[in-house]
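Q: A structural model of the following input is requested.
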Amino acid sequence: MRSQQMEMAQAIADTIAKYQILVAEAGTGTGKTLAYLVPALLAGGKVIISTGTKTLQDQLFKRDIPNVRAALKVPVTVALLKGRANYICHYHLERSLQNTHLSFINRDEIQYLQQIERYASISKNGDKSGLSEVPENAAIWQQVTSTRDSCLGSECPSFKKCFVMEARKQALLADVVVVNHHLFFADVMLRDEGLSELLPACNTVIFDEAHQLPETASLFFGESISTGQLLDLVRDAKVEAIQAAGDFVQLPDAIAAMEKAARDLRLTVAEDNTRLSLALIRQNPNFNDALDNLLKKLSTLTALLQSQAERSEGLGNCWQRASSHLHLMQRWRDETEMKDHVRWVEVYHQALQLNATPLSIAEIFQKQMITLPRAWIFTSATLSVKKDFTHYNAEMGLTTAQTACWESPFNFAEQALLYVPSGLPEPHHRGYTDHAVQAALPVLRASRGRAFFLCTSLRAMQRVYELLLAADEFDFPLLLQGQGSRSYMLERFRELDNAILIGSQSFWEGVDVRGEALSLVIIDKLPFAPPDDPVLSARIEKINGEGRNAFMEYQLPRAVINLKQGAGRLIRDEADRGVLMICDPRLTTKAYGKQIWQSLPPMKRTRELAEVENFFNTGYGK
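A: Residues are numbered from 1 along each chain as shown. So this is what the prediction gives:
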C-alpha cells in the first residue's frame, strides 16, 4: 500500500471507531477505494457505501469488495441495492403481456417483451442490467418496471415473488450494502427504496464520489411533478379502467381530458431542454391558463377514480397517485407553502416539470445525520479549493467534520503539462468557440488525435464537432457524445487509438482511459454554472443579500471542483503522460485565476505552443 493510502485508511478507521464525520479528498491514484474498504470491512458492523454511478456500484459489488474480502479473509456478506426502476415488476410485466394492443408496441418492442418475460422467469434478481439484449433506453422498460407511484405494495398479487422486495430483504441481512446517491436520497426523503429500514442498524455510511452530493441532495430535498408522471398515470388508468370498470363510461372521457390538458401544458413553451424561473414563466399567459385547466381536469379525474377505487388494487393505486399529483401541483402554485424554495420549470423534449428546490440543503441534511451515532465518510478526488473545504462543508451542513487531503502520488511535474493559449477573446465573445477550436487544432495535430475535447455546454460541443469536421487536412476519427451510450463511445475511443471524443457533462467525470489512447484533454472554458439557472441565481441572490460574496463563496469553488474533475481524466496511472489545455483566458487575466490553477495538480505550465509540440515529440504519447 502507498503511504497516502495507509494514512487515509488509518484516518477512516479512527473515524469509524469514534463515530465521527470525515471529509477526505484523495487525488487520482491514491487508491481511495481500498483505503475505505479495508477499515470498513475490518471494523465489523453494518456499512452502507453510496456511489455516484450505477457503473461504480456494480464495480464495487462484483470486483472490489470480493477482492478485499478474500484478501482479508473476513466473512462479510454483501448486497447490491438499486432503485426500483432497475428491477422487473411481475405485475406490470403481466399487464403488458395481456395488453399487446397498447400503442407502445411495435415489432422490436414485442421481441423485447418476450425476452424480458423469459429473463424474469429465470433471473434470481430481476435486475435489468443482466439483460443486455434489450437496450437500456428501450421504451418497453417503462411498461415492465414499477415506479414509487405505480407500485401496489403488499396489495400486489405478485408481492411474494417481487424482485424489489427480495433485493431489500438481502440488503437488510447483509453486512455491507452498496447503493448509489440517487437511491440514498430518494429513500431519505421518500422512505421508499428500502434504506429506511437499513439506516437504523447501520454503523458507517461512506459516500464515494461525494462531490456529487450537493446536486443530488438538492434534487431530492425538493419537490417536483412532471407531465410525464401524469401521462404515466393516464396510461395505467386506461388499462385499469378497461379491466376493472368497463361499465363506468365517465372514466375514459375524464382520462382523455386530463391527458390532453397535460400535453397542452407542455406545448405552452416552445423551447426544448431549458430551465425557466418562476418570474419568466409567469410572463407566459398561455402557461398560466393551461396550468389552471390541468388542475381542473386532474381534480375531476381524481374524484372519479376515488368513486371506483374499491373495484381493483390497480384503480385504488391510480386514485392515490392522482390525488398525490394534484396535491403537489397545488403546493407548487401556493406562495406561502414554498417560501424557502426556488420554484422553477424544466422543459424536456416531451415533458414539462414543475420544481421547487430548497435554497439551502445544509439544515435538511444535518437533520438526517443526527439521528443515531454513526460514522459518516465523504470522499472524492475533488472536494476542496487549494485544500480548503469551507465551501463543501458549508453547503452540506458538515459543521463538525474533520477534513483531510492526500495528494496524488503521480509525478505531475514530469508527466503533465498545463497549456493556456494566448490571444483568445473573453468567453462571452460571440465567436469564442471558433477561436478556441483554432487554438486547439495545432495541439490536436501534435498529439495525433488521442484527445478528449470537453465542453461546458451542448451548444459549444455541437459547434466544436462541426468545426473539426470541416477542418482542412484533419483526418482523425471524431466521436460525438450522444452517438451511442457512454460505455460504447469509450470502447470505440480506446479501439481507434487516435480518436477525438467531443463531450459535455457526461465525460467530465467517472471516465477512465489509461495509456496513450488519451494524451490530451482540452477544456473549452472554465465550468462556471450558467448564471441564468433559476436555482443558482436564487442562491446567489440569497448569499449576496446576507452581505456575503456569492462569487467567491459559491460560484468559484463550484467551478474549481468541476474543473478538477475534467482535468482528472488526463493522468490515470504512473506511466501516463499528457497535456491539459484550458482555452479560457480568465485563468491568467483575472485575480481569481491563480486560485484556480493552484487547485489543479502541480503540472508544469506554459503559454507556448512550441513547448506543447516539444512535449509530444520528446515522449511519444503519454
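
Q: which residues sit in contact with His21?
A: Careful, residue 21 is Ile and not His. Contact analysis of Ile21 by Cβ atoms under 8 Å, 6 or more residues apart in numbering lists Thr15, Met369, Ala375, Trp376, Ile377, Phe378, Leu398, Thr400, Ala401, Gln402. C-betas here are computed from N, CA, C, even on glycine.

Q: all strands of the stretch 251-400 of the chain, in order?
A: 274-277, 341-347, 352-358, 375-380 (DSSP state E, counting those that start in this stretch).

Q: so can I have TSV of those strands showing mean pLDDT, distance to Gln330 and mean neighbour count?
A: Shown next, in TSV, are the strands of the stretch 251-400 of the chain (pLDDT from 0 to 100; distance: least, Cβ to Cβ, whole Å; neighbours: other Cβ atoms under 10 Å):
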stretch	mean pLDDT	distance to Gln330	mean neighbour count
strand 274-277	92	20	17
strand 341-347	95	13	22
strand 352-358	95	11	21
strand 375-380	97	36	24
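
Q: now tabulate those in a markdown table and tack on distance to Phe248.
A: Formatted as a markdown table, these follow (distance: least, Cβ to Cβ, whole Å):
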| stretch | distance to Phe248 |
| --- | --- |
| strand 274-277 | 39 |
| strand 341-347 | 34 |
| strand 352-358 | 30 |
| strand 375-380 | 52 |
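
Q: which one of these lies closest to Leu294?
A: Proximity to Leu294 (Cβ to Cβ) singles out strand 352-358 among the strands of the stretch 251-400 of the chain, at 10.1 Å.

Q: so what strands line up beside the closest one?
A: strand 223-226 (antiparallel), strand 341-347 (antiparallel) (DSSP bridges).

Q: in JSON lines, list these along with distance to Asp472.
A: Formatted as JSON lines, those follow (distance: least, Cβ to Cβ, whole Å):
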{"stretch": "strand 223-226", "distance to Asp472": "46"}
{"stretch": "strand 341-347", "distance to Asp472": "39"}
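
Q: what's the local residue count around Gly474?
A: Heads up, residue 474 is Phe, not Gly. Look at Phe474: counted by other Cβ atoms under 10 Å, it has 15 neighbours.

Q: which of the strands paired with strand 352-358 sits closest to Arg263?
A: So among these, strand 223-226 is nearest, using Cβ to Cβ, at 12.4 Å.

Q: how about that closest one as PDB, C-alpha atoms only?
A: Output in PDB follows, covering the C-alpha atoms of strand 223-226 (Å, rounded to 0.1, in the frame of the first residue of the first chain):
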ATOM      1  CA  GLU A 223     -40.400  18.600  -4.800                       C
ATOM      2  CA  SER A 224     -41.300  18.000  -8.400                       C
ATOM      3  CA  ILE A 225     -44.100  16.900 -10.600                       C
ATOM      4  CA  SER A 226     -44.000  16.400 -14.400                       C
END
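
Q: what's it in contact with?
A: His325, Leu328, Met329, Arg331, Trp332, His341, Ala351, Leu352, Gln353, Leu354, Asn355, Ala356.

Q: from those residues, which is closest to Ile523?
A: Using Cβ to Cβ, the contacts of strand 223-226 come closest to Ile523 at Asn355, 29.0 Å.

Q: wait, isn't that closest one in contact with Arg331?
A: No - with contacts counted by Cβ atoms under 8 Å, Asn355 stays clear of Arg331, the gap being 11.7 Å.

Q: follow-up on the earlier one: out of the strands of the stretch 251-400 of the chain, flag the one nearest Ala70.
A: Nearest of the strands of the stretch 251-400 of the chain (Cβ to Cβ): strand 375-380, 22.9 Å.

Q: each with direction, which strands does the closest one pair with?
A: strand 21-26 (parallel), strand 202-208 (parallel).

Q: run the angle between the helix or strand bottoming out on mean pLDDT in the chain and strand 202-208 for me.
A: For the chain, the helix or strand with the lowest mean confidence is helix 181-190, at a mean of 81 (criterion: mean pLDDT, DSSP states H and E). Angle, helix 181-190 to strand 202-208, by axes from the mean of the first three to the mean of the last three Cα atoms, to 10 degrees: 130 degrees.

Q: ok, back up a step: including mean pLDDT and distance to Arg168, could the strands paired with strand 375-380 go into TSV?
A: Putting the strands paired with strand 375-380 into TSV (pLDDT from 0 to 100; distance: least, Cβ to Cβ, whole Å) gives the following:
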stretch	mean pLDDT	distance to Arg168
strand 21-26	97	27
strand 202-208	94	14
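
Q: tell me which of those sits most buried.
A: Of the strands paired with strand 375-380, the one with the most neighbours on average (mean count of other Cβ atoms under 10 Å) is strand 21-26, at a mean of 24.

Q: any idea which element the closest residue to Ile12 other than its chain neighbours lies in?
A: Distances taken as Cβ to Cβ, 6 or more residues apart in numbering place Pro39 nearest to Ile12, at 4.6 Å, with adjacent residues excluded. Assigned by DSSP states H and E, Pro39 belongs to helix 32-43.

Q: and the contacts of that helix?
A: 1, 5, 8-10, 12-13, 16-17, 24, 26, 47, 49, 60, 64-65, 68-69, 72, 74, 76, 176, 203-204, 206, 208, 377, 379, 381.

Q: and the longest helix for this structure?
A: Of all segments of type helix in the chain, defined using DSSP state H, the longest is helix 285-308.

Q: buried residues in that helix, which are they?
A: 287, 290-291, 293-295, 297-298, 300-302, 304-306, 308 (16 or more other Cβ atoms under 10 Å).

Q: again with stretch 233-250
A: Leu233, Val234, Arg235, Asp236, Ala237, Lys238, Val239, Glu240, Ala241, Ala244, Ala245.

Q: what's the closest of the strands of the stretch 251-400 of the chain to Gly566?
A: Within the strands of the stretch 251-400 of the chain, the stretch nearest Gly566 is strand 375-380; the backing value is 13.9 Å (Cβ to Cβ).

Q: relative to helix 32-43, how tilted is the closest one?
A: 170 degrees.

Q: pretty sure Gly482 sits in a strand.
A: No - per DSSP: H, G, I helix; E, B strand; the rest coil, Gly482 lies outside any strand segment and is coil.

Q: state the distance from it to Thr433.
A: 18 Å (Cβ to Cβ, to the nearest Å).

Q: tell me what angle whichever strand or helix holds Val177 forms with helix 181-190.
A: In the assignment (DSSP H and E), Val177 maps to strand 176-180. Interaxial angle of strand 176-180 relative to helix 181-190 (the same axes, to 10 degrees): 90 degrees.

Q: ok, strand 176-180: who's next to it in the sheet?
A: strand 46-51 (parallel), strand 78-80 (parallel).

Q: in this protein, where is pLDDT below threshold?
A: Scanning the chain for pLDDT under 70 picks out 1, 100-105, 189-196, 619-622.

Q: let's see it at 50
A: The chain contains residues with pLDDT under 50 at 620-622.

Q: could you chop it up by domain?
A: Using automatic domain parsing, the domain parsing of the chain gives 3-84+164-220+381-406, 88-144, 225-358, 412-618.

Q: out of those, which is closest to Phe365?
A: domain 3-84+164-220+381-406 (4.8 Å).

Q: so what's the gap between the closest one and the chain middle?
A: Remark: domain 3-84+164-220+381-406 is offset 16 Å from the chain centroid, using Cα atoms, centre = their mean, to the nearest Å.

Q: cool, stretch 443-451 as well?
A: Put simply, stretch 443-451 sits 30 Å off its chain's centre (Cα atoms, centre = their mean).

Q: pull the CA atoms of it into CSV?
A: Provided in CSV are the C-alpha atoms of stretch 443-451 (Å, rounded to 0.1, in the frame of the first residue of the first chain):
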residue,chain,number,x,y,z
VAL,A,443,-2.3,20.9,-30.4
LEU,A,444,-4.6,18.1,-31.7
ARG,A,445,-2.2,17.6,-34.7
ALA,A,446,0.8,17.4,-32.3
SER,A,447,-1.0,14.9,-30.1
ARG,A,448,-2.1,12.9,-33.2
GLY,A,449,-5.7,12.9,-32.0
ARG,A,450,-5.9,10.8,-28.9
ALA,A,451,-7.9,13.6,-27.1
